[in-house]
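>>> Coordinates for the following, if possible.
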Amino acid sequence: MQAQPTREGPRVNDQIRVPNVMLIDDEGENRGVMSTAEAIEMAAEQGLDLVEVSPNASPPVCKFLDYGKYKFQAQKKAAEARRKQKTVEVKEIKMRPNIDTHDYEVKMRNMRRFFDAGDKVKVTLRFRGREMAHQ
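As a prediction, this is how the structure comes out:
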């Protein structure tokens, strides 16, 4: 029955409230289970922070990290992911029921090009005047 991590990110140093933690040092080696106070002390000696990387494990897994650098890297990764993310656009193709064959082929070619680009296509059929009677 432990507290969930804060919304800003993982718990760091004195925010870690559990009595014992599984410790991983800055080289990635498993140091085993030890008291939280002892782990914070070891991190401070190395000039690093104790960061809770897996709060739901039993005991929680903590790692020696430079927290400022860790946050900066996470922000850079998130910004890069947002930049690479493609927004799906909805392209619209409008036509009338008595369209000529060549015009129809041009519209279909454009539609295929939109699909290949990963966009969605909305086809709108417009009826005018007497065309309404022949739907």
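>>> how much space between the closest residue to P59 other than its chain neighbours and V53?
With Cβ to Cβ, 6 or more residues apart in numbering as the criterion, P59 has its nearest non-adjacent residue at 4.8 Å, and that residue is N20. In short, each C-beta sits where N, CA and C put it, glycine included. Using Cβ to Cβ, to the nearest Å, one obtains 15 Å as the distance from N20 to V53.
>>> now G32
G32 sits at a distance of 16 Å from V53 (criterion: Cβ to Cβ).
>>> More neighbours: those two, which one.
Using other Cβ atoms under 10 Å, the more surrounded residue of G32 and V53 is V53, with 15 against 9.
>>> Which residues are in contact with the more buried one?
Contact criterion Cβ atoms under 8 Å, 6 or more residues apart in numbering gives 10, 24, 61-63 as the residues in contact with V53.
>>> one more time with 7 Å
The neighbourhood of V53, defined by Cβ atoms under 7 Å, 6 or more residues apart in numbering, consists of 10, 61-63.
>>> Closest one of the residues you listed to K94?
Out of those, the one with the shortest distance to K94 is P10. That distance is 51.7 Å, counting by Cβ to Cβ.
>>> Please report the number of neighbouring residues for the closest one.
By the criterion of other Cβ under 10 Å, P10 has 21 neighbours.
>>> wait, it sits on V51?
Yes. Here P10 reaches V51: they are 5.4 Å apart, a contact under Cβ atoms under 7 Å.
>>> which residues are common contacts for those two?
In contact with both P10 and V51: no residue, using Cβ under 7 Å, 6+ apart.
>>> After the lengthiest helix in the chain, which helix or strand is next?
Across the chain, the longest stretch assigned as helix under DSSP state H is helix 67-84. As assigned by DSSP states H and E, the chain's next helix or strand after helix 67-84 is strand 90-95.
>>> Who does that following strand pair with, and is each partner parallel or antiparallel?
The pairing partners recorded for strand 90-95 under DSSP bridges are strand 120-125 (parallel).
>>> Name the residues that touch the strand it pairs with?
Under the criterion Cβ under 7 Å, 6+ apart, residues 88, 90-95, 97, 111, 114-115 lie in contact with strand 120-125.
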